[in-house]
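# The following block contains a protein sequence and its predicted model.
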Amino acid sequence: LLISFLWFSIFQAWPDDLLISTYPKSGTTWVAEIMEMIYQDGNLEKCQRAPTYERVPILELKWPGLSTETPAPRLIRTHLQLALLPQSFLDQKVKVIYVARNAKDVAVSYYNFYKMAKGHPEPGTWDNFLEKFMDGQVSFGSWYQHVQKWGELDGPINLLYLFYEDLKENRKREIRKILEFLGRSLSEEMVDHIVQHTSFKEMKKNPMANYTTIPIEIMDQNISPFMRKGIVGDWKSVFTVAQNEHFDAHYAKKMAGCKLKFRWQL
């Protein structure tokens, strides 16, 4: 743990880095693929040269691709709470795309991820896991704190705050927001091309995006696929009426005064 904190303290961000920040199970890989398609001008061969976790490495896993030899501009992902973000990202005013997803769908997806990702402890029953999730006793801490603290970051960094539900509703519209944020322009045909190849259906069958290259000892996709459903409102098939009422009461307290508005279904 000490080594990790030391590494974070000395990590050097570059001004032209692009950081994709999300709470886990909120569309991280999805937006990483969209960004890769934009950066590679829609070249599928380049976007399939290696798995997502190599092309767009996760900061906290200290992937070798984050070494100083990595050519600029770098695409980097993180699930870190804002308080743990290396200071150099703020100092360099790195552009950040934050993606938030409604808490109920995140909880369901995270529970299934816990079951298949062997680095996590056994999640126990869904009811027990939901309580832990609500209390922030899961990897990367509180969902509430994550989405709110990043949402408040509008001064020292260039931030584009997106919602998973908006991406599901109209990916083309959200890609245009990203392009405007980046100061880039692509043809209508190229945007349509990116929309097509970043659909859940396409990514689920793409071995360079669906994490099937990860050994079964680390991620057992026989238990639950990494790309499971990718829909809005799946929580309704899992939450009991009592769980939903309990969650809503807790949510109302935790989100009191927060301007962020999440959609539970489309």
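Done, it's in.
# Find the nearest non-adjacent residue to residue 79, please.
Nearest residue to residue 79, sequence neighbours excluded (CB to CB, 6 or more residues apart in numbering): residue 140, at 4.7 Å. All C-beta spots, glycine's among them, are computed from the backbone N, C-alpha and C.
# just checking, that neighbour is part of a helix?
No: read with DSSP: H, G, I helix; E, B strand; the rest coil, residue 140 is coil and lies in no helix.
# Am I right that it is in contact with residue 23?
Yes: counting by CB atoms under 8 Å, residue 23 is a contact partner of residue 140 at 6.5 Å.
# just the strands in the chain please.
18-22, 75-78, 95-100, 158-163 (DSSP state E).
# Same list (the ones you listed) but as TSV, adding mean pLDDT and distance to residue 245.
Compiled in TSV, those are given as follows (pLDDT from 0 to 100; distance: least, CB to CB, whole Å):
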stretch	mean pLDDT	distance to residue 245
strand 18-22	97	28
strand 75-78	94	34
strand 95-100	97	23
strand 158-163	95	24
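# Just send these back as a markdown table, with mean neighbour count and distance to residue 145 too.
Below are these laid out as a markdown table (neighbours: other CB atoms under 10 Å; distance: least, CB to CB, whole Å):
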| stretch | mean neighbour count | distance to residue 145 |
| --- | --- | --- |
| strand 18-22 | 24 | 13 |
| strand 75-78 | 23 | 15 |
| strand 95-100 | 23 | 12 |
| strand 158-163 | 18 | 15 |
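# Tell me which of these lies nearest to residue 216.
Shortest distance between residue 216 and the strands of the chain, using CB to CB, is found for strand 75-78: 23.0 Å.
# What is that closest one packed up against?
Strand 75-78 sits against strand 18-22, helix 28-39, with contacts defined as 3 or more CB pairs under 8 Å, 6 or more residues apart in numbering; DSSP states H and E.
# List just the one of the ones you listed that sits closest to residue 102.
strand 18-22 (12.8 Å).
# Show me what that closest one pairs with in its sheet, parallel or antiparallel.
Paired with strand 18-22 in the same sheet, following DSSP bridges, are strand 75-78 (parallel), strand 95-100 (parallel).
# Make CSV from the ones you listed and add distance to residue 9 to it.
Listed next are the strands paired with strand 18-22 as CSV, based on distance: least, CB to CB, whole Å:
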stretch, distance to residue 9
strand 75-78, 15
strand 95-100, 19
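# so which of these gets nearest residue 206?
Residue 206 sits nearest to strand 75-78 of all the strands paired with strand 18-22, at 17.1 Å, using CB to CB.
# quick one, helices of the stretch 101-250 of the chain?
With DSSP state H, counting those that start in this stretch as the criterion, the stretch 101-250 of the chain has helices at 103-116, 126-134, 143-151, 164-169, 171-182, 188-197, 200-204, 241-254.
# weakest of the ones you listed by average pLDDT?
Between those, the lowest average pLDDT goes to helix 200-204, which shows a mean of 81.
# For that one, buried residues please.
203-204 (16 or more other CB atoms under 10 Å).
# tell me which strands and helices that helix is in contact with?
helix 28-39.
# Show residues contacting the helix it packs on.
18, 20, 22, 47, 52, 55-56, 73, 75, 77, 79, 97, 99, 162, 167, 171, 175, 178-179, 182, 184, 186, 193-194, 197-198, 200, 203, 209, 211, 226-227, 230 (CB atoms under 8 Å, 6 or more residues apart in numbering).
# what about that helix, distance to the chain center?
The chain centre lies 11 Å from the centre of helix 28-39; the measure is CA atoms, centre = their mean, to the nearest Å.
# Quick one: work out the angle between it and helix 171-182.
60 degrees (axes from the mean of the first three to the mean of the last three CA atoms, to 10 degrees).
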